[in-house]
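Q: structure of the sequence below:
(one chain, ligands or ions: 1)
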Amino acid sequence: MAAAFITFEGIDGSGKSTQLRMLASELRLRGINVIVTREPGGTSLGARLRAALLDTEEQVDPLAELLLYAADRAQHVRQLVRPAIETGHVVLSDRYADATVAYQGAGRGFPPALIDEVIALATGGLMPDLTLLFDLPVAESLARHKRRADEGDARDRLDAEDEAFHARVRNAYLQIAAADPDRVRVIDATRSIEETHARVLELVMPLIESRGQRSEVSPKSNV
Ligand code: ADP
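A: Residues are numbered from 1 along each chain as shown. The predicted structure follows:
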């Protein structure tokens, strides 16, 4: 059993999803049971909440937004994350509770005590074993994100936020990492995809190995 809960955080365009996919493939090559998920949208209810939350046409009130993310998380933790951990899976989630601190707390301005309470309620106290924070300057993330949009990805409501919003979010993430350095590891996301992947493996493998499932074969990734 190599159960572990690892979350991927960072501003949009920081490369989290790319790195999550690469890590999942690498772990599967090593024979580890991996579940890949995301917030919002990791469950079927969550997918419907995600559609509403990211819809550019929808005027989502900030309090409603906070509570919808919490509802998504409550469903996610109870239906998917906890059961997966209990059955020995490594769960990789693209965003989790820290995103609420960064986006709804620092981004939208809800008071920290309220944010903490909502998170505690939704998670039931389940926090990740390890959080990888992909950090890069806002201008760089916007440029990457724009390239992705030019390649045909739809824009969402958060894309419409200004640079100051994303800067507050980035700083909040860095503060979370500074306050909880054992759990949250900051990764320099300005480096190449391959270099970043190597760093991710350096941080993740000791945790997985400490959970008792050493890799029997360790083929080099060819992603
Ligand atoms: P996120 O999930 O954080 O929004 P993505 O993984 O979707 O970010 O990456 C956003 C865009 O940046 C994609 O087009 C991706 O191919 C590109 N990208 C990801 N990592 C890097 C990197 N290290 N260097 C340059 N471009 C990158």
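
Q: please make it C-alpha for all contacts and neighbour counts, starting now.
A: Fine.

Q: okay, Y69 and the ligand: tell me how far apart.
A: Distance of Y69 to the ligand, computed by Cα to the nearest ligand atom, to the nearest Å: 18 Å.

Q: which ones are touching that residue?
A: P40, L49, T100 (Cα atoms under 8 Å, 6 or more residues apart in numbering).

Q: narrow those to those in helices?
A: L49 (DSSP state H).

Q: all helices of the chain, in order?
A: 16-29, 44-54, 62-76, 82-86, 97-99, 112-123, 138-150, 163-179, 193-210.

Q: mind giving me JSON lines with the ones you listed and columns for mean pLDDT?
A: Formatted as JSON lines, the helices of the chain follow (pLDDT from 0 to 100):
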{"stretch": "helix 16-29", "mean pLDDT": "98"}
{"stretch": "helix 44-54", "mean pLDDT": "96"}
{"stretch": "helix 62-76", "mean pLDDT": "98"}
{"stretch": "helix 82-86", "mean pLDDT": "97"}
{"stretch": "helix 97-99", "mean pLDDT": "98"}
{"stretch": "helix 112-123", "mean pLDDT": "98"}
{"stretch": "helix 138-150", "mean pLDDT": "83"}
{"stretch": "helix 163-179", "mean pLDDT": "96"}
{"stretch": "helix 193-210", "mean pLDDT": "97"}
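
Q: deepest in the core, which of these is it.
A: helix 97-99 (a mean of 23; mean count of other Cα atoms under 10 Å).

Q: work out the gap between that helix and the centre of the chain.
A: When distances are taken as Cα atoms, centre = their mean, to the nearest Å, helix 97-99 is centred 8 Å away from the chain's centroid.

Q: and it, what does it pack onto?
A: helix 163-179 (3 or more Cα pairs under 8 Å, 6 or more residues apart in numbering; DSSP states H and E).

Q: quick one: contacts of the helix it packs on?
A: 10-11, 98-99, 101-103, 106-107, 133, 135, 138-139, 183-186.

Q: likewise for stretch 45-52?
A: E39, P40, G41, E58, L68, Y69, D72, R73, Q75, H76.

Q: give me the distance between the residue nearest in space to the middle of the chain and the ligand.
A: For the chain, the residue nearest the mean C-alpha position is R95 (2.1 Å; Cα atoms, centre = their mean). As for R95, its distance to the ligand is 9 Å (criterion: Cα to the nearest ligand atom).

Q: in contact with that residue, which residues?
A: T7, F8, E9, G10, R38, E39, P40.

Q: need the max-distance pair from the residues you listed.
A: Largest separation among these by Cα to Cα: G10 and P40, giving 14.4 Å.

Q: residues of the chain that sit close to the ligand?
A: With Cα under 6 Å from any ligand atom as the criterion, the chain meets the ligand at residues 12-18, 144-145, 148, 189-193.

Q: go with 5 Å
A: D12, G13, S14, G15, K16, S17, T18, R144, R148, S192, I193 (Cα under 5 Å from any ligand atom).

Q: which one among these gets closest to V81?
A: The nearest one, if we look at the residues of the chain next to the ligand relative to V81 and count by Cα to Cα, is S17, at 17.8 Å.

Q: isn't the closest one up against L92?
A: No - the criterion here is Cα atoms under 8 Å, and S17 misses it with L92 at 10.3 Å.

Q: give me the common contacts of the two.
A: Joint contacts of S17 and L92 (Cα under 8 Å, 6+ apart) are F8.
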